[in-house]
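Asker: Predicted model and sequence below, questions to follow.
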Protein chains: 2
Amino acid sequence: MQMETSLILQEIAKHIQLTKDEELHFCSLLTEKSLKKKQILLRANAVNTLSAFVTKGCLRSYSIDRNGFEHIVQFAPPGWWIADIYSMISKKPGKLNIDALEDSTMLVMKREEQEELFKKIPKFERFFRIITENSVAANHARLMDYMGLTAQERYEGFCSRYPMLMKTLPQKQIAAYIGVTPEFLSKLKSELLRSGKKR
Amino acid sequence: MQMETSLILQEIAKHIQLTKDEELHFCSLLTEKSLKKKQILLRANAVNTLSAFVTKGCLRSYSIDRNGFEHIVQFAPPGWWIADIYSMISKKPGKLNIDALEDSTMLVMKREEQEELFKKIPKFERFFRIITENSVAANHARLMDYMGLTAQERYEGFCSRYPMLMKTLPQKQIAAYIGVTPEFLSKLKSELLRSGKKR
DNA sequence: CGTAACCAATAATCTAGATTAAGAAATGAT
DNA sequence: ATCATTTCTTAATCTAGATTATTGGTTACG
């Protein structure tokens, strides 16, 4: 049974060009992993140096606050990378948990292997530089939304930015992403519906 | 009058090793710029593709919400990079403003020149990959604080993480960073003081 | 200098969103 | 099918933090 690498190679090809040999070498550093819904890829308070590229399903990274509430930092549908970058680069225990929101498969790479890859094929420095820049831009947008918008605006923003996730995710996960309680999101939705129906 | 490049070369040396020639070439791509307090380096709603490395003073990047309130995304004291990464990579108008909180000097590089640099000295892909990874980690921490902590905890966190900025920044800038009104921060401080004095 | 512009403190009032509670619907396991 | 678990809705109450307003203190600067 072969590992599904076409999506990841396609993503890479958007930014750098690899020879067949380089592709093979890269793929040899990946491990395919499958998780059933709710299974955990990695936990807070441990050193977690791996990153995962999702090929099927959906993962999420989240932290748990002092009161036990989950706060979602990122969703990762197919084509996205997910990791606890803090723990990965500092080699210290992180605060992120990563688990599967539905049955999922992913390609996993350990940081050491990534470092190896950088030595062997320096072009990958470029690839990950670009991926990481995209991530910074997304985080900035997220932060600005958080600081300057109301919950309703964040919800509407989420709906228009991630229509796919809207359909598949349970509403409480969306609440944990936009930063409100599920109860309040439910209220928001019914208000939007009411005001939408009248006109 | 020579440009002050020792700090930036020192930062680079932490991550990659350059020959004297490479250092010279890199420095030739930088422009030194000085801003007086409150002067603007770059504005929202325009394409801004430059990044700045601060050597003196302090810059900030911030967005302005619908009600005219400023929300600070990042402070940049000496040794830090600052840019509107979204605009820089997408070449579209961004949402960030960057200005000087005090008289400051910085080394500025245009994205095109950075791209040139990547072609000429690929080691810099590595350098910026690492810098950008650090930035993602910082943004994740910021987001988690925002989602899971109270204003008071964010304030205490800020105090212990950035004691330098505490001393130099006016309080309203700190408020705009931790995400509260200056009035509420003032209240928080006096509560902390009161409860601190009793014991 | 004097006066304008900015900055901090305090306090009263107001509101977005949290909390608590309880029932209805959906999903899943056996 | 049936029971258990998880998810969603609605509604009443509560609170962290916003808003508005007033006062006094600094800093800049013509």
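Answerer: That came in fine, so what should we check first?
Asker: Now do the contacts for the closest residue to A:Leu41 other than its chain neighbours.
Answerer: Excluding the flanking residues, the one nearest A:Leu41 by CB to CB, 6 or more residues apart in numbering or on different chains is A:Ile98, at 4.4 Å. For glycine as for every other residue, the C-beta is placed from the backbone atoms N, C-alpha and C. Listed by CB atoms under 8 Å, 6 or more residues apart in numbering or on different chains, the contact partners of A:Ile98 are A:Ile40, A:Leu41, A:Leu42, A:Ala52, A:Leu59, A:Arg60, A:Ser61, A:Tyr62, A:Ile82, A:Ala83, A:Asp84.
Asker: Name whatever forms a beta bridge with the third one.
Answerer: Using DSSP bridges, the beta-bridge partners of A:Leu42 come out as A:Ile98.
Asker: my read: it touches A:Asn97, true?
Answerer: Yes - the pair formed by A:Leu42 and A:Asn97 meets the contact definition of CB atoms under 8 Å, at 6.9 Å.
Asker: now A:Leu117: how far from B:Arg194?
Answerer: 56 Å (CB to CB, to the nearest Å).
Asker: Give me the more crowded residue out of the two.
Answerer: The neighbour count for A:Leu117 versus B:Arg194, taken as other CB atoms under 10 Å in any protein chain shown, is higher for A:Leu117 (21 against 9).
Asker: Does that one belong to a helix, a strand or coil?
Answerer: helix (DSSP: H, G, I helix; E, B strand; the rest coil).
Asker: Run a quick neighbour tally on the closest residue in space to it that isn't next to it in sequence.
Answerer: Using CB to CB, 6+ apart and skipping residues adjacent in sequence, the residue nearest A:Leu117 is A:Phe124, 5.2 Å away. A:Phe124 has 22 neighbouring residues, counting by other CB under 10 Å.
Asker: show me the contacts for A:Phe124.
Answerer: Per CB under 8 Å, 6+ apart, neighbours of A:Phe124: A:Ile16, A:Phe26, A:Gln114, A:Leu117, A:Phe118.
Asker: chain center to the helix or strand containing it, what's the gap?
Answerer: In the assignment (DSSP states H and E), A:Phe124 maps to helix A:123-148. Relative to its chain's centre, helix A:123-148 lies at 12 Å (CA atoms, centre = their mean, to the nearest Å).
Asker: quick one: that helix near DNA strand D?
Answerer: No - looking at helix A:123-148 against DNA strand D by CB under 7 Å from any atom of the strand, there are no contacts, and the closest approach is 9.2 Å.
Asker: how about the residue positioned nearest the centre of chain A, what does it touch?
Answerer: Chain A has A:Ala76 as the residue nearest its centroid, 3.1 Å off, counting by CA atoms, centre = their mean. By CB under 8 Å, 6+ apart, the contact list for A:Ala76 reads A:Ala52, A:Val54, A:Cys58, A:Leu59, A:Arg60, A:Ser61, A:Ile82.
Asker: picking up where we left off before, pull out the buried members of the contacts of A:Ile98.
Answerer: For the contacts of A:Ile98, a burial check counting by 16 or more other CB atoms under 10 Å in any protein chain shown picks out A:Leu41, A:Leu42, A:Ala52, A:Leu59, A:Arg60, A:Ser61, A:Tyr62, A:Ile82, A:Ala83, A:Asp84.
Asker: Would you reformat those as a markdown table and include pLDDT and secondary structure?
Answerer: Output for these, formatted as a markdown table (pLDDT from 0 to 100; DSSP: H, G, I helix; E, B strand; the rest coil):
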| residue | pLDDT | secondary structure |
| --- | --- | --- |
| A:Leu41 | 97 | strand |
| A:Leu42 | 96 | strand |
| A:Ala52 | 98 | strand |
| A:Leu59 | 97 | strand |
| A:Arg60 | 97 | strand |
| A:Ser61 | 98 | strand |
| A:Tyr62 | 98 | strand |
| A:Ile82 | 98 | strand |
| A:Ala83 | 98 | strand |
| A:Asp84 | 98 | coil |
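Asker: from those residues, which are also near DNA strand C?
Answerer: Near DNA strand C, by the rule CB under 7 Å from any atom of the strand, you find none of those.
Asker: Show me which of the residues you listed is closest to B:Ile130.
Answerer: A:Ala83 (14.8 Å; CB to CB).
Asker: excluding its backbone neighbours, what's nearest that closest one?
Answerer: A:Ser51 (3.6 Å).
Asker: ok, now which ones touch that neighbour?
Answerer: A:Trp81, A:Ile82, A:Ala83, A:Met88, A:Val108, A:Met109, A:Arg111, A:Gln114.
Asker: repeat for A:Phe128
Answerer: So A:Phe128 contacts A:Gln114, B:Arg129 (CB under 8 Å, 6+ apart).
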